[in-house]
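*Asks:* mind folding the following:
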Amino acid sequence: MPDARKIPATVITGFLGAGKTTLIRHLIENAAGRRIALIVNEFGDVGIDGEMLKACGNEDCCDDDIIELANGCICCTVAEDFIPTMEKLLERENPPEYIVIETSGLALPQPLVRAFNWPEIKTRVTVDAVVTLVDAAALALGRVTQNEAQIQAVRQADDMLDHETPLGELFEDQVNCADLIIMNKTDLIADETASQIENEIKDQMRGGTSIIRAAHGKLPPEILIGIEARAEDDGRLSNHESASGEHHHDHDDFTSFAVDPGEIPDHKLFTRNLKPVLAEHGILRLKGFAAVTGKPMRLVIQAVGPRIDAYFDREWKNGEKRQTALVVIGEARLDKDAITAAILAAGG
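*Replies:* Residues are numbered from 1 along each chain as shown. Reported below is the predicted structural model:
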């Protein structure tokens, strides 16, 4: 039976570009009057996802219900950021009925789940479920992300290296921690391929975990919430924690930085010029928004591997500074100076 005293919280995790923000946007747009608070853990210097979700157009989706934690990985800043944020939510005069937490694409979900056992929140909130999104289109190509092949090729060429990449280990941990796995982007692959991927994932996930298919993150809210897993009670560990007995991790293998190329004269030319930059430098993810000359609306830019999506999401607000803010995410070996120069040059 559900504990009526506790507010249920869903942790949504998944690799870069798997579709977490799209899934949450659809959830908020179909909240049907539920008071949902959203905590977004943005990996990078500029909060992007929160801004996009504030444009969802739902009157129930107000600014106070969307909280961004941009000071680093949420599972590494539990005491400094996550617990105080949860306390503020719970102490509001009109607390949320439901909490959704979007982790960064590089986060281990296990330490975050254990944070719900902290005395400050243990009696007031429960982890309804850990929901992990996987990119079925990338997995169909044998990758966990769209341009993992370039990283894999370098490692496979050297027999002295461990061929198990940090990306692969992180993917396994996100799958193994899930109560529900969503195979997103199945509209981009054949049914036979989707079935094969589904069987492979089933070999990695814990007993009792469900797996479903989706396209564009469009799922009824009833599928995502109300699972009642009480995940904080079962002591889930990551692969590293299980092997070492230690409950910690770091992100030394990854880096992120912000680039401001200024107002963009021609957005089509800019996105076209970005493609070779992504490929040449092995960028895992590029995301953000841009001000386009002569356009009253803000341009959202999302890039995963070689794929770039760009669309206008809303008009610039009165008094709001028109600006371009892009976050680049990749492995620590990224050449920040060269990438910054290339992005600046892409604007023409």
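*Asks:* give me the below-cutoff pLDDT ranges for this protein.
*Replies:* 1-4, 42-50, 52-64, 70-80, 106, 145-166, 239-254, 305-306, 348 (pLDDT under 70).
*Asks:* can you list the domains in it?
*Replies:* The chain is divided into the following domains under automatic domain parsing: 7-244, 254-346.
*Asks:* just name the most buried of those domains.
*Replies:* domain 7-244 (a mean of 18; mean count of other CB atoms under 10 Å). In this view, the C-beta of every residue, glycine as well, is placed from N, C-alpha and C.
*Asks:* P96 contacts R35, correct?
*Replies:* Yes: with contact defined as CB atoms under 8 Å, P96 counts as touching R35 (4.9 Å).
*Asks:* could you find the closest non-adjacent residue to A338?
*Replies:* H281 (6.9 Å; CB to CB, 6 or more residues apart in numbering).
*Asks:* gap between that neighbour and K275?
*Replies:* According to CB to CB, to the nearest Å, H281 stands 12 Å off from K275.
*Asks:* same deal with E192?
*Replies:* According to CB to CB, E192 and K275 sit 30 Å apart.
*Asks:* same thing with G294?
*Replies:* Computed as CB to CB, the G294 to K275 distance reads 23 Å.
*Asks:* do P96 as well
*Replies:* 40 Å.
*Asks:* need the phi and psi values for W316.
*Replies:* phi -60, psi 140 (degrees, to the nearest 10).
*Asks:* isn't it right up against L299?
*Replies:* No: W316 is beyond contact range of L299, at 10.6 Å (criterion: CB under 8 Å).
*Asks:* quick check: neighbours shared by the two?
*Replies:* A291 (CB atoms under 8 Å, 6 or more residues apart in numbering).
*Asks:* that older thread, overlap in contacts of P96 and R35?
*Replies:* Common neighbours of P96 and R35 (criterion: CB under 8 Å, 6+ apart): D65.
*Asks:* contacting residues for A214?
*Replies:* A214 neighbours (CB under 8 Å, 6+ apart): 23, 182-184, 186.
*Asks:* nearest residue to G226 in space, please, no chain neighbours.
*Replies:* D128 (6.9 Å).
*Asks:* and the one you found, helix, strand or coil?
*Replies:* strand (DSSP: H, G, I helix; E, B strand; the rest coil).
*Asks:* I'd guessed it sits against K6; true?
*Replies:* No: D128 is beyond contact range of K6, at 9.3 Å (criterion: CB under 8 Å).
*Asks:* tell me the strands beside the helix or strand that A310 is a member of, with direction?
*Replies:* If you go by DSSP states H and E, A310 is part of strand 307-315. Neighbouring strands of strand 307-315 in its sheet, by DSSP bridges, are strand 297-304 (antiparallel).
*Asks:* okay, the partner strand in PDB with CA atoms only?
*Replies:* Provided in PDB are the C-alpha atoms of strand 297-304 (Å, rounded to 0.1, in the frame of the first residue of the first chain):
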ATOM      1  CA  MET A 297      11.600  34.000 -31.100                       C
ATOM      2  CA  ARG A 298      14.300  32.100 -29.400                       C
ATOM      3  CA  LEU A 299      16.000  29.300 -31.300                       C
ATOM      4  CA  VAL A 300      16.600  26.000 -29.400                       C
ATOM      5  CA  ILE A 301      19.600  23.900 -30.600                       C
ATOM      6  CA  GLN A 302      20.000  20.300 -29.600                       C
ATOM      7  CA  ALA A 303      22.800  18.100 -31.000                       C
ATOM      8  CA  VAL A 304      23.500  14.500 -30.300                       C
END
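*Asks:* which residues sit against it?
*Replies:* For strand 297-304, the surrounding residues in contact (CB under 8 Å, 6+ apart) are 16-17, 52, 135, 145-146, 264, 267, 271, 274, 278, 283-292, 308-316, 326.
*Asks:* redo that, cut-off 7 Å
*Replies:* 16-17, 52, 145-146, 267, 271, 274, 278, 285-292, 308-316, 326 (CB atoms under 7 Å, 6 or more residues apart in numbering).
*Asks:* in helices, which of the contacts of A214 appear?
*Replies:* Among the contacts of A214, the members found in helices (DSSP state H) are L23.
*Asks:* regarding the chain, what is its longest helix?
*Replies:* Criterion DSSP H: the longest helix present in the chain is helix 267-281.
*Asks:* and the angle from that helix to strand 297-304?
*Replies:* 20 degrees (axes from the mean of the first three to the mean of the last three CA atoms, to 10 degrees).
*Asks:* roughly how far is helix 267-281 from the heart of the chain?
*Replies:* How far helix 267-281 lies from its chain's middle: 22 Å, per CA atoms, centre = their mean, to the nearest Å.
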